[in-house]
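A.B. asks: Task: produce atomic coordinates for the following.
(one chain, ligands or ions: 1)
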Amino acid sequence: MKDLYVHPTTDALCTGAARWFLRRLAAAQAAGRTPHVALTGGSLADPFHREVRLGAPEAGVDLTRVHWWWGDERFVAGGSEERNDISAMAELLGPAGVPDSHVHRVPSSDATESVESAAALYTDALATHGVDGFEVVVLGLGPDGHVASLFPGRHQVSDTTLGAVAVHDSPKPPPLRVSLTLPVLNSARSVLFIAAGSGKSAAVAAAHQPGPALDCPARAVRGRVETGWFLDEGAASELGT
Ligand SMILES: O=C1O[C@H](COP(=O)(O)O)[C@@H](O)[C@H](O)[C@H]1O
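C.D. replies: Numbering: from 1, shown residues only. Okay, here's the model as predicted:
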């Protein structure tokens with residue numbers, strides 16, 4: 001099932017997306033599952049993470065009993081502002097008191113020798129924790145249709161392994177990255193896309209049209225149960241045209 005929600009502002013988009021996300025976590029915890037989720041980086045990460053933290057008490061979600069992963073990470077030094085984990089730590093996981101044992105970062109460039117070894121270690125961590133399907137994967141969307149660090153035309157888009165892959169020469173800086181593969185993203189019960197601004201409208205429209213994943217990786221991502229798209233009016237402006 002694909003659901004589309006268009007909001008007038010970025011704030012409203014993030015509030016709506018955070019509520020949608022929290023309802024899935026609340027249901028999982030009520031059903032006795034310990035949810036594993038994958039977070040995103042990008043332009044909406046800060047407001048989205050803030051809204052998740054603020055909304056958790058009312059939603060009845062214990063954030064300290066969720067396992068937190070990332071759909072992709074930039075292979076730079078730990079603590080660098082370029083890393084995707086910085087936003088989640090500052091706005092969500094740190095203030096919520098999530099224990100380190102529940103935070104699963106992609107190894108940084110000062111912790112392991114190469115982007116390949118970071119991808120291998122992240123793949124091993126998924127296996128060690130028995131993650132064979134995330135509860136929710138949260139994804140931003142690049143103006144070129146990339147998701148996580150799966151970029152159009154790159155071989156990683158066609159990788160069918162269940163794990164993480166190394167990315168060199170990313171068209172968006174920084175050049176070295178680690179990304180979950182499409183099969184891992186698609187193992188999620190629920191996938192949540194968040195995108196704002198008219199700069200994303202062509203990518204949003206392409207993602208909603210049939211065609212090769214290689215041209216627009218986002219169009220190949222869907223949750224096993226549902227896929228929610230939270231957009232503002234700018235990002236939605238080329239849909240249905
Ligand atoms: O580089 C990345 O870009 C995408 C999209 O980010 P945005 O700034 O265009 O919103 C993001 O989803 C991904 O996690 C990140 O590494």
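
A.B. asks: what sits against D3?
C.D. replies: Going by Cβ atoms under 8 Å, 6 or more residues apart in numbering, D3 touches 226-229. All C-beta spots, glycine's among them, are computed from the backbone N, C-alpha and C.

A.B. asks: Mind checking what secondary structure it has?
C.D. replies: Classification of D3 using DSSP: H, G, I helix; E, B strand; the rest coil returns strand.

A.B. asks: for this structure, what spans make up the helices?
C.D. replies: 10-30, 45-59, 85-88, 115-128, 182-185, 201-207 (DSSP state H).

A.B. asks: Ok, which of the ones you listed comes nearest P173?
C.D. replies: helix 115-128 (14.2 Å; Cβ to Cβ).

A.B. asks: Around the ligand, pick out the residues from this protein.
C.D. replies: 40-44, 72, 84, 139-140, 142, 148-149, 172 (Cβ under 6 Å from any ligand atom).

A.B. asks: Most neighbours among these, please name it.
C.D. replies: Neighbour counts for the residues of the chain next to the ligand peak at A148, which has 32 neighbours (criterion: other Cβ atoms under 10 Å).

A.B. asks: wouldn't that one be in contact with N186 here?
C.D. replies: No. Judged on Cβ atoms under 8 Å, A148 makes no contact with N186 at a distance of 11.6 Å.

A.B. asks: rewinding a little: relative to V165, which of the residues of the chain next to the ligand is nearest.
C.D. replies: Of all those, V165 sits closest to S149, with 8.4 Å by Cβ to Cβ.

A.B. asks: The chain: strands as residue ranges?
C.D. replies: Along the chain, counting by DSSP state E, strands occupy 2-7, 36-39, 67-70, 72-74, 136-139, 164-167, 177-180, 190-195, 226-232.
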